[in-house]
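Asker: compute the structure for the input listed below.
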Amino acid sequence: MVERTRLAAERSAEAMTLARNARVLILEAPYYKTITEHLLAGALEVLRSHECQTDRVAVPGALELPQALQAAVAAGLIGSRGQGHYAGVVVLGCVIRGETAHYDIVCNNANHWLMETVIRHNIPFGNAVLTVDSEAQALARAEGGALGKGGDAARACLRLIWLKENFSQHATALAP
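Answerer: A predicted model of the protein is given here:
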């Protein structure tokens with residue numbers, strides 16, 4: 001399954017135009033440090049290959065990622081109000097299922113509030129917050145450099161930045 005995912009990522013990366021020279025905010029929740037380091041390596045590999053500048057901000061865990069993103073919006077650094085400082089955001093982290101309902105609470109709330117914030121503020125976004133059953137699953141998804149989930153999130157963010165900057169041209173070209 002992991003190999004099939006990597007092949008799909010390669011095809012996807014070749015097929016889409018991505019933004020270049022963008023400034024991207026990376027929010028990371030390094031609760032599982034080794035996994036987050038792999039995600040970060042993949043994201044940075046993609047972002048650097050597209051000549052992007054990055055700033056990194058760490059928070060304690062996945063539930064704090066939406067709060068950090070909202071703080072960046074409130075500070076005018078990202079989002080639809082004005083140009084902002086960042087063209088997009090990539091989030092990195094991991095939530096591993098445990099024996100209690102805490103996993104579901106963290107996954108559901110972190111993802112809900114991240115998506116609510118990026119939609120409300122028109123923020124290009126790449127999500128590499130892994131939600132898995134085991135550390136082995138997390139490592140299988142996080143490893144792989146640019147072809148791992150960190151690289152996928154960076155590509156998603158860069159594609160959305162490009163679309164935000166160019167959508168009106170493409171919408172016109174696609175209209176009947």
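Asker: report pLDDT for the most centrally placed residue in the chain.
Answerer: Nearest to the mean C-alpha position of the chain, by C-alpha atoms, centre = their mean, lies residue 126 at 2.4 Å. Per-residue confidence (pLDDT) for residue 126: 98.
Asker: what does residue 16 give?
Answerer: pLDDT, residue 16: 82.
Asker: distance of it from residue 166?
Answerer: Distance, residue 16 to residue 166, using C-beta to C-beta, to the nearest Å: 12 Å. (Glycine included, C-beta is placed from N, CA and C.)
Asker: if we can go back for a sec, using the three-state scheme, assign the residue nearest to the centre of the chain.
Answerer: Secondary structure assignment for residue 126 (DSSP: H, G, I helix; E, B strand; the rest coil): strand.
Asker: which residue ranges form the helices in the protein?
Answerer: Counting by DSSP state H, the chain forms helices over residues 2-15, 33-49, 65-74, 102-120, 135-142, 149-174, given from the N-terminal end onward.
Asker: ok, back up a step: so the residue nearest to the centre of the chain touches residue 114, yeah?
Answerer: No. Shown here, residue 126 and residue 114 do not form a contact pair, counting by C-beta atoms under 8 Å, at 10.7 Å.
Asker: list residues touching both of the two?
Answerer: With C-beta atoms under 8 Å, 6 or more residues apart in numbering applied, the overlap between the contact sets of residue 126 and residue 114 consists of residue 91.
Asker: neighbours around residue 76, how many?
Answerer: Residue 76: 12 surrounding residues under other C-beta atoms under 10 Å.
Asker: list the buried residues for stretch 144-157?
Answerer: Across stretch 144-157, burial judged by 16 or more other C-beta atoms under 10 Å covers 144, 146-157.
Asker: contact partners of it?
Answerer: When contacts are taken as C-beta under 8 Å, 6+ apart, the neighbours of stretch 144-157 outside the stretch itself are 2, 6, 9-10, 12-13, 16, 18, 24, 38-47, 49, 88-92, 124-128, 130, 141-142.
Asker: which residues does the residue nearest to residue 44 when sequence neighbours are not counted bridge with?
Answerer: Counting by C-beta to C-beta, 6 or more residues apart in numbering, the nearest residue to residue 44 once its immediate chain neighbours are dropped is residue 54, at 6.8 Å. The partner list for residue 54 in beta bridges (DSSP bridges) reads residue 24.
Asker: tell me the confidence at residue 54?
Answerer: Predicted confidence (pLDDT) at residue 54: the value is 97.
Asker: just residue 168 next, same as before
Answerer: Model confidence at residue 168, expressed as pLDDT, equals 73.
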